[in-house]
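Engineer: Sequence and predicted model, in that order:
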Amino acid sequence: MRTVRVIDSHTGGEPTRLVVEGGPDLGGGPLAERLARFRDRFDEYRSAIVNEPRGSDPLVGAMLQKPHRADCQLGVIFFNNVGYLGMCGHGTIGLIESLKYTGELAPGAVKIDTPVGPVEAELRKDGEISVSNVVSYRAARAVGVEVPGIGPVIGDVAWGGNWFFLVSEHGQSIDLKHVEALTDFAWRVRAALNAQGHPQVDHVELFAPSGRPGAQSRNFVLCPGKAYDRSPCGTGTSAKLACLAADGKLREGDAWVQEGLIGSTFVGRYRWHDHAKGEIVPIITGTAHVTGESLLRLDPDDPFCWGIRV
């Protein structure tokens, strides 16, 4: 019998499960190497922690690690129902809130080692958490893709810690009542985009104007495992900021309030990393709440001990 100690939280409605004890020993070295070791040798732990019957499709796992980089105080590897994430904005906010809950973090700044590079987080005294993400950029503008059953769809390919296809003209109603239609549309777009030259893209992000006072945009984000992001998506908002900066539609330091499908919001800002290359450092601000802590039991007699996997 094995046990895994976890702390659950949500950031704008999107859940994070932080593994603090009992996870697999991934050894040392850069976080990218440890992620590969996790994927190749211990993937059953990923499934056991986030998949049913203990978890759910929207749940993102975060495995706490010792940092490899000397300038970082923490390390983390993010994973979900189908695999692994380079970075996770809502998950980083959840990580900080969870460590505040355990007493391991006080208000202030902390640097975090991730498989795609270091990020900085600031826990404020008012409870808000800001994450200075990895360098983000738009890789391709106005990419046209022919989607079977839908027709042509045009969007931008951008990196915000994960790869996104961002679409503003789509004819969809971004409303929780239409989540099934949104999911079907975005899943078809992703499949077509992957087949037509952009296999790296695993997130699709749709935009519409927001009716919420003070918010500039409302989005729907479909994640790699076909679950929609309940939050406005931290890496997705980072990708959006990179596109806005590249188009000259948002000035350095100005706020962009991004509303998600269920009404929660992130505030995004950026600073230039390399103006000539269109590279920015996004800063995403939001709040998280701890929802529980528990010991997961990995019972070898349980036929679904390692989760339900396709």
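Structural biologist: Yes, it's here.
Engineer: Please enumerate the helices of the stretch 151-300 of the chain.
Structural biologist: Here the stretch 151-300 of the chain has its helices, by DSSP state H, counting those that start in this stretch, at 179-195, 234-246.
Engineer: So which of the ones you listed is the most surrounded?
Structural biologist: Highest mean neighbour count of the helices of the stretch 151-300 of the chain: helix 234-246, a mean of 28 (counted as mean count of other C-beta atoms under 10 Å). C-beta: built from backbone N, CA, C; applies to glycine.
Engineer: for that one, what is the average pLDDT?
Structural biologist: Taken as a whole, helix 234-246 has a mean pLDDT of 98.
Engineer: what does stretch 282-298 give?
Structural biologist: Stretch 282-298 comes out at a mean pLDDT of 98.
Engineer: what stretches of the stretch 151-300 of the chain score poorly on pLDDT?
Structural biologist: Within the stretch 151-300 of the chain, no stretch has pLDDT under 70.
Engineer: Can you report phi and psi for the residue nearest the centre of the chain?
Structural biologist: By C-alpha atoms, centre = their mean, the chain has its centre lying nearest to residue 88, at 3.2 Å. The phi/psi pair for residue 88 (degrees, to the nearest 10) reads phi -150, psi 110.
Engineer: can you pull out the helices in the stretch 1-150 of the chain?
Structural biologist: 31-41, 43-50, 89-102.
Engineer: Nearest residue to the residue nearest to the centre of the chain in space, please, no chain neighbours.
Structural biologist: residue 78 (4.1 Å; C-beta to C-beta, 6 or more residues apart in numbering).
Engineer: Next, count neighbours for the one you found.
Structural biologist: 26 (other C-beta atoms under 10 Å).
Engineer: isn't it right up against residue 59?
Structural biologist: No: with contact defined as C-beta atoms under 8 Å, residue 78 does not reach residue 59; the gap is 11.2 Å.
Engineer: rewinding a little: just the helices of the stretch 1-150 of the chain: most buried one?
Structural biologist: Highest mean neighbour count among the helices of the stretch 1-150 of the chain (mean count of other C-beta under 10 Å): helix 89-102, a mean of 25.
Engineer: check contacts around residue 71.
Structural biologist: Taking C-beta atoms under 8 Å, 6 or more residues apart in numbering, we find residue 71 in contact with 111, 118.
Engineer: how close does it sit to residue 119?
Structural biologist: Separation of residue 71 from residue 119 (C-beta to C-beta, to the nearest Å): 12 Å.
Engineer: Next, show the common contact partners of these two.
Structural biologist: residue 111.
Engineer: Neighbours of the residue nearest to residue 99 when sequence neighbours are not counted, how many?
Structural biologist: Spatially, and ignoring its direct neighbours in sequence, residue 99 is nearest to residue 105 (4.2 Å; C-beta to C-beta, 6+ apart). Residues within reach of residue 105, counting by other C-beta under 10 Å, total 18.
Engineer: Residue 28 now?
Structural biologist: 10.
Engineer: Likewise for residue 214?
Structural biologist: Close neighbours of residue 214, defined as other C-beta under 10 Å, add up to 10.
Engineer: picking up where we left off before, dump the residue contacts of the residue nearest to the centre of the chain.
Structural biologist: By C-beta under 8 Å, 6+ apart, the neighbours of residue 88 are 16, 60, 62, 78, 161, 162, 234, 235.
Engineer: how far away is the second one from residue 79?
Structural biologist: Computed as C-beta to C-beta, the residue 60 to residue 79 distance reads 7 Å.
Engineer: is the residue nearest to residue 88 in a bridge, and if so with what?
Structural biologist: residue 62, residue 85 (DSSP bridges).
Engineer: who touches it in this structure?
Structural biologist: Here residue 78 is in contact with 60, 61, 62, 63, 84, 85, 86, 87, 88, 91, 114 (criterion: C-beta under 8 Å, 6+ apart).
Engineer: Report the lowest-confidence entry in those.
Structural biologist: Within those, pLDDT reaches its minimum at residue 86, with 94.
Engineer: For burial, what's the neighbour tally of the closest residue to that one other than its chain neighbours?
Structural biologist: Nearest residue to residue 86 in three dimensions, chain neighbours excluded: residue 116, at 3.8 Å (C-beta to C-beta, 6+ apart). By the criterion of other C-beta under 10 Å, residue 116 has 19 neighbours.
Engineer: do residue 307 as well
Structural biologist: 18.
Engineer: That one reaches residue 57, doesn't it?
Structural biologist: No: assessed by C-beta under 8 Å, residue 307 is found out of contact with residue 57, at 11.4 Å.
Engineer: Quick check: the gap between the residue nearest to residue 87 when sequence neighbours are not counted and residue 136.
Structural biologist: The shortest distance from residue 87 to any non-neighbouring residue, by C-beta to C-beta, 6+ apart, is to residue 161 (3.0 Å). Separation of residue 161 from residue 136 (C-beta to C-beta): 7 Å.
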